[in-house]
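1. sequence and predicted structure are below.
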Amino acid sequence: MQTKLRQDFERISNEIHQQYQYKMKMLRNEKENLRKQETKKIRERKDAAIAELTQKIKVKYEEIRNYYSEITNTNLEMISELKKELNTNKLDDGKQQRAMQE
């Protein structure tokens, strides 16, 4: 009788243990899937933020590049004008010196 009682107890214990293991396995799978979904959402938000920042940086870079290009072009024009003015002044000085010598 004791052996039958013991066998029944062990059988019930094993069934409970198997049910627990099955429930734990299902719960772990569910939590793992939730974790993967959350990770995917976070990765998508991160990628979107990186893309947005990259676009903003490109726009700012173009603005800076245009600004300095404009300054460079203005300076080159100014240098060219000053060279012309210098040449004109040299010619005028040469004419004035010849006029004084005469």
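-> Received it, and whenever you're ready, just let me know what you need. Every value quoted in this text rests on a predicted model; they were computed, and no experiment measured them. Numbers count the residues shown, from 1 in each chain.

2. gap between the host helix or strand of Ile71 and the chain center?
-> Using DSSP states H and E, Ile71 falls within helix 2-101. Centroid separation between helix 2-101 and its chain, computed with Cα atoms, centre = their mean, to the nearest Å, is 0 Å.

3. quick check: which helices or strands does that helix pack against?
-> Helix 2-101 is packed against no helix or strand, with contacts defined by 3 or more Cβ pairs under 8 Å, 6 or more residues apart in numbering; DSSP states H and E. Heads up, the C-betas are built off the backbone N, CA and C, glycines and all.

4. where does the protein dip in pLDDT?
-> 1, 102 (pLDDT under 70).

5. measure Lys4 to Gln18 for me?
-> Applying Cβ to Cβ, to the nearest Å, the value for Lys4 to Gln18 is 21 Å.

6. same check, this time on Glu63
-> On the measure of Cβ to Cβ, Glu63 and Gln18 end up 67 Å apart.

7. again with Asp47
-> 43 Å.

8. what's the answer for Lys41, then?
-> Lys41 is 35 Å from Gln18, by Cβ to Cβ.

9. Lys58 too?
-> 59 Å.

10. how about Lys46?
-> Look at Lys46 and Gln18: by Cβ to Cβ, they are 41 Å apart.

11. tell me the centre residue of this protein?
-> The residue lying closest to the centre of the chain (Cα atoms, centre = their mean) is Ile50, at 3.2 Å.

12. all good on my end, thank you.
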